[in-house]
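[1] below are the sequence and a predicted model for it; my questions follow.
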Amino acid sequence: MWRVSKDSHDLWILATLDPLPKKMFWRSRLVEKRISSSQLVLAPPGVMVDIQFFGNSAYQDALVQARRSPDDQTLAQGLPPDVYLRWRSLQTKFLAHQSYEHTRPIIAAVDLYENAVDQSGLNPDDHNIWRIVERNARSHHVRILAITVDWQRDRAINWLREFNEIPREVEVTCLEKTIERIETDLGRMRHRANLWSVGDVPGLLAQTYPDDRMACFKTLYSVSKWNDQLEQAYAQLSDKWLAAVDSALSKNKSTFAVLPIPQLLAPDGWLAKLRARGYSIEDPK
């Protein structure tokens, strides 16, 4: 855990990792002790997108159609030949019983990543650790503060139409980067996951954290209507989380927070922003 200090007040940051081993048992007494002795727990910050219509049967046909390439171009036609051959190799290995020829590249990328991670003994759900922290906080009656910004969307049918505006070449880049990561980083994913599970901080700090999933997320920025909305939402989220930290460090003897390690350690990440505010930061030992 990182320790962020102001005078005699501390913020303890637990850095999480995605993915982690499936069969991992939680035995961190120090984390539980920090939670129980804190006056506040800050939930992981996030932009909340209202996509509840995904579970609405009224939009089922539209959602099925949204998985298909808007121009009905196949992956064989739309991908560079060498990339397509690499895709087919990975599809055979991780998605053998499904047809993807008419699937849009961004959907193929998401399905490939999730299935490859799952079949490698890893859990692609990065919320498991937060759920454990949340349960511990509630059991010790520690207040939890959610740090979120809502991204309000149009009606479902408009959302789906805008989704089809994502340029094909942007989606292809997303799929290419996902293919590259599965080819080159799957073993390192398992290694990083094992380092995290045993608390090997020096080992974790020596790792790199590829951002191909962020490249896929940034496809949403290619829709002109969404670009400004997302930029504004994430700027608000940063301001909101930092304001919560300022308030917590001025009022509480101890505060506990959970953040993803790539966002924590990035050159412009949360630790950099906290240092810029003049806080003292102590790395884990």
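    Thanks, I have it. Please read all numbers here as calculations on a predicted model, not as lab measurements.
[2] dump the residue contacts of Leu271.
    The contact partners of Leu271, by Cβ atoms under 8 Å, 6 or more residues apart in numbering, come to Trp2, Leu264, Leu265, Ile281. All C-beta atoms are positioned from the backbone trio N, CA, C, and that covers glycine.
[3] ok, Ser280 next?
    Val4, Ser5, Lys6.
[4] if I look at the residue lying closest to the second one once chain neighbours are set aside, how far off is Ser99?
    Taking Cβ to Cβ, 6 or more residues apart in numbering, and ignoring the residues beside it in sequence, Ser5 has Ser280 as its nearest neighbour in space, at 4.4 Å. According to Cβ to Cβ, to the nearest Å, Ser280 and Ser99 sit 56 Å apart.
[5] follow-up on the earlier one: report the buried members of the contacts of Ser280.
    Among those, those scoring as buried are Val4, Lys6 (criterion: 16 or more other Cβ atoms under 10 Å).
[6] could you export the contacts of Ser280 as TSV, including pLDDT and secondary structure?
    Shown next, in TSV, are the contacts of Ser280 (pLDDT from 0 to 100; DSSP: H, G, I helix; E, B strand; the rest coil):
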residue	pLDDT	secondary structure
Val4	97	strand
Ser5	96	strand
Lys6	93	strand
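[7] residue contacts, the closest residue to Asn252 other than its chain neighbours?
    In space, and not counting its chain neighbours, Asn252 is closest to Gln39: 4.2 Å by Cβ to Cβ, 6+ apart. When contacts are counted by Cβ under 8 Å, 6+ apart, Gln39 touches Val142, Arg143, Lys251, Asn252, Lys253, Ser254, Thr255.
[8] and the second one, how far from Ala137?
    Shown here: Arg143 relative to Ala137, a distance of 8 Å by Cβ to Cβ.
[9] okay, buried residues for stretch 130-141 please.
    Trp130, Ile132, Val133, Glu134, Asn136, Ala137.
[10] ditto for stretch 14-29
    Leu14, Ala15, Thr16, Leu17, Asp18, Pro19, Leu20, Met24, Ser28.
[11] kindly export that stretch (C-alpha atoms) in PDB.
    This file holds the C-alpha atoms of stretch 14-29, laid out as PDB (Å, rounded to 0.1, in the frame of the first residue of the first chain):
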ATOM      1  CA  LEU A  14      -4.300  -0.300  -2.200                       C
ATOM      2  CA  ALA A  15      -3.200  -0.800  -5.800                       C
ATOM      3  CA  THR A  16      -5.300  -3.300  -7.700                       C
ATOM      4  CA  LEU A  17      -4.400  -5.300 -10.800                       C
ATOM      5  CA  ASP A  18      -6.400  -6.700 -13.700                       C
ATOM      6  CA  PRO A  19      -6.400  -9.600 -14.300                       C
ATOM      7  CA  LEU A  20      -5.700 -11.600 -11.200                       C
ATOM      8  CA  PRO A  21      -5.500 -15.400 -10.600                       C
ATOM      9  CA  LYS A  22      -8.900 -17.100 -10.400                       C
ATOM     10  CA  LYS A  23      -8.200 -19.200  -7.400                       C
ATOM     11  CA  MET A  24      -6.700 -16.600  -5.200                       C
ATOM     12  CA  PHE A  25      -7.500 -16.500  -1.400                       C
ATOM     13  CA  TRP A  26      -7.500 -13.200   0.500                       C
ATOM     14  CA  ARG A  27      -5.200 -13.300   3.500                       C
ATOM     15  CA  SER A  28      -4.200  -9.700   4.000                       C
ATOM     16  CA  ARG A  29      -4.500  -8.800   7.700                       C
END
